[in-house]
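Enquirer: give the three-dimensional model of this entry:
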Amino acid sequence: MFSRSALDSEGIAGPTVSETSEHRHLSLEKPRISRGNHVRFKLEGQEYSGEVVGHAGKATGKYASWRNIRCETDDGPVIRAFDLSRVDNLVQETPPSTESTEEIMITDGNPFSAAKQEELINWSRMNVYEEVDYSGQYTVSCRWVLTEKPTGKKARLVARGFEDDELRKPDKQSPTCTKEALRALIMFSAMKKYNIQSLDIKAAFLQGDLFSRTVFLVPPVESNTKKIWRLKKSVYGLADASFKWYIAVKKTLSEVKCMASIVDRSLFTFVDGGAVVGVIVVHVDDFLWAGNERFQKTVIDHLYKKLLVGTDYSCAFKYLGIDVLQTPEAIMISQKDYANGLKFTSQDESFTTTQNVLRARARQIMWLASQSRPDLSFSASILASRVTDSSEETVSDFNKTIKSAICNNFKMKIPALDLKSLAIFVFTDASFGNVKNGGSQGGYIIFCVNSMQNSVPISWVSRRLKRVVKSTMAAETLALLEGIDAAIFVRQIVSEILLANCNEKMLKISCFVDNNDLHEALESNKDVSDKRLRVEVHSIRDSINIREHRSSLGANEASIS
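Expert: Numbering: from 1, shown residues only. A predicted model of the protein is given here:
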């Protein structure tokens, strides 16, 4: 890939500032060119021809019309960059190359030909494309992604979506289930004594909704065709593939009267006789569900008829990296295997290598903390802010946290709660000025509880507060405000799952803080001295009814109606 300075030195200067607006969103009205096309054109009276080897800059910027082209010269092939919007007589001489690039993970050297053929059969069976003659259409190339799993070799044909000329146009927003919805479903399963089960979909994106646009794909050499493919559905690699898959899933579930949540579009409930009798959450092609026999016959059987289901599990399985185990008393979730896979860090590598290793460890610790280990949330947040510091102290702190994750591994127990006495408790806390550059740390944890003193953790967070504050009270206020917002979100999800009428106000929210100044400020009509903080305090006052809660902890409680 050429730099702009290199292009300028060739005498093929990029657009000037005054020209940028003209070419920023350029769409080649001449033949649309992608990698592998053989082209011929004139520039300033001189003829050029060669093979397009890629974009000469970002595919969606002011240099969207620039291409690197391998031209034949007297001295041999030379790669040069051209702005194809400024050339004359642009012609594609031959169809794009069908050579495919492979990403391969091989341990025993066996070929992937059988896996490739199976993937091509899936494309044909699911009516993903139709073959058409090549007549200069703009095309997108593809590649094979090959992996080796314990169950065997797998080949996936993936379009190079960055070559799509409508990359910015299609809707790409495909929702996946929130952690709160996932835990609420597990709680629902425990309360109703339903078996919790999972299933995954084979070749999910190939079963997505039909295309409303036209995309031509260069088939791989294994397809043994001299034609190109006009796609009928979005496929792996295209920007809107996951969105089209979600639309297909939503349509399939809507056919059997499943309702999508108003706050989490990947959460669906099934109501029978005025009560929710089945819940299903969707994370791309992985489904988790629980329900009675009618839900299974109506909804799950319908999924099996409409979609190509792969594996399914019940009561003991791994879902999104989380181990789920159902017993008669409760459901246990843990990530013991994941925690045991964490590796300690050393300072033997170079400074840059150590930084990269710390970034990887920080992501792993944050994933573990967000899914099943709330006790690691604070450490994960602090360590993530220190990845650029490769000092011995930082490496030591990383290793201490990893050791804690491995040695103090535990299972989170989700017992059956009594719906009649169900309530939501949110505990918030903050620490003033304990983060570098004057920042403060805040956090919350939200429980569903009942009168039997059983509880289920639904949501938790520990992170740097969004702005610098000037006092402990200000830090506690911002943490409480975040906790209230999250608790209202949790209440809506829990209400939709447990209460068919979605009357979320039936569940009471109680907030607990350990800062007396904040409690007094909320209870009093007097404005706080920090003028910027008055907005947050007023927002909390509008949401809650305040009363002092006498307990052994000496905490202060605020109730949200």
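
Enquirer: the stretch 351-500 of the chain: strands as residue ranges?
Expert: For the stretch 351-500 of the chain, the strands defined by DSSP state E, counting those that start in this stretch occupy 412-415, 423-435, 439-449, 455-464.

Enquirer: next, the angle strand 423-435 makes with the third one.
Expert: Relative orientation of strand 439-449 and strand 423-435, computed by axes from the mean of the first three to the mean of the last three C-alpha atoms, to 10 degrees: 170 degrees.

Enquirer: and strand 439-449, C-alpha only, in PDB?
Expert: As requested, the backbone C-alpha atoms of strand 439-449 are provided in PDB (Å, rounded to 0.1, in the frame of the first residue of the first chain):
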ATOM      1  CA  GLY A 439     -10.300  10.400  38.200                       C
ATOM      2  CA  SER A 440     -12.600   8.600  40.600                       C
ATOM      3  CA  GLN A 441     -13.900   5.000  40.600                       C
ATOM      4  CA  GLY A 442     -17.600   4.100  40.900                       C
ATOM      5  CA  GLY A 443     -19.500   1.000  40.800                       C
ATOM      6  CA  TYR A 444     -22.800  -0.800  41.600                       C
ATOM      7  CA  ILE A 445     -24.200  -4.300  42.000                       C
ATOM      8  CA  ILE A 446     -27.900  -5.200  41.500                       C
ATOM      9  CA  PHE A 447     -29.600  -8.100  43.100                       C
ATOM     10  CA  CYS A 448     -33.100  -9.700  42.800                       C
ATOM     11  CA  VAL A 449     -34.100 -10.600  46.400                       C
END
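
Enquirer: just checking: what are the partner strands of it?
Expert: Paired with strand 439-449 in the same sheet, following DSSP bridges, are strand 423-435 (antiparallel), strand 455-464 (antiparallel).

Enquirer: helices of the stretch 151-300 of the chain, residue ranges please.
Expert: Assigned by DSSP state H, counting those that start in this stretch, the stretch 151-300 of the chain shows helices spanning 179-192, 241-254, 293-295.

Enquirer: quick check: which of those is nearest to Lys318?
Expert: helix 179-192 (13.3 Å; C-beta to C-beta). C-betas here are computed from N, CA, C, even on glycine.

Enquirer: least trustworthy helix or strand in the protein by mean pLDDT?
Expert: helix 17-23 (a mean of 34; mean pLDDT, DSSP states H and E).

Enquirer: which is the succeeding secondary structure element to that helix?
Expert: Downstream of helix 17-23, the first helix or strand assigned by DSSP states H and E is strand 38-43.

Enquirer: that older thread, of the strands paired with strand 439-449, which approaches Pro328 most closely?
Expert: Judging the strands paired with strand 439-449 by C-beta to C-beta, what sits closest to Pro328 is strand 455-464, at 17.0 Å.

Enquirer: got the angle for that closest one vs helix 179-192?
Expert: Using the same axes, to 10 degrees: strand 455-464 against helix 179-192 is 170 degrees.

Enquirer: and strand 455-464, what's buried?
Expert: Using 16 or more other C-beta atoms under 10 Å as the test for burial, strand 455-464 gives 455-464.

Enquirer: distance check, Met187 against Lys413.
Expert: Distance of Met187 to Lys413, given as C-beta to C-beta, to the nearest Å: 11 Å.

Enquirer: which of these two has more residues huddled nearby?
Expert: More crowded of Met187 and Lys413, by other C-beta atoms under 10 Å: Met187, with 24 against 17.

Enquirer: quick one, what contacts Asn68?
Expert: The contact partners of Asn68, taken as C-beta atoms under 8 Å, 6 or more residues apart in numbering, are 1-2, 52-56, 79-81.

Enquirer: buried among those? Make that a ChimeraX selection.
Expert: Buried residues within those, by 16+ other C-beta under 10 Å, are selected in ChimeraX with:
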select :2,52,54,55,56,80,81
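
Enquirer: re earlier: now the helices of the stretch 151-300 of the chain in a markdown table, with mean pLDDT and distance to Ala475?
Expert: A markdown table is the format used below for the helices of the stretch 151-300 of the chain (pLDDT from 0 to 100; distance: least, C-beta to C-beta, whole Å):
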| stretch | mean pLDDT | distance to Ala475 |
| --- | --- | --- |
| helix 179-192 | 96 | 24 |
| helix 241-254 | 93 | 38 |
| helix 293-295 | 95 | 45 |
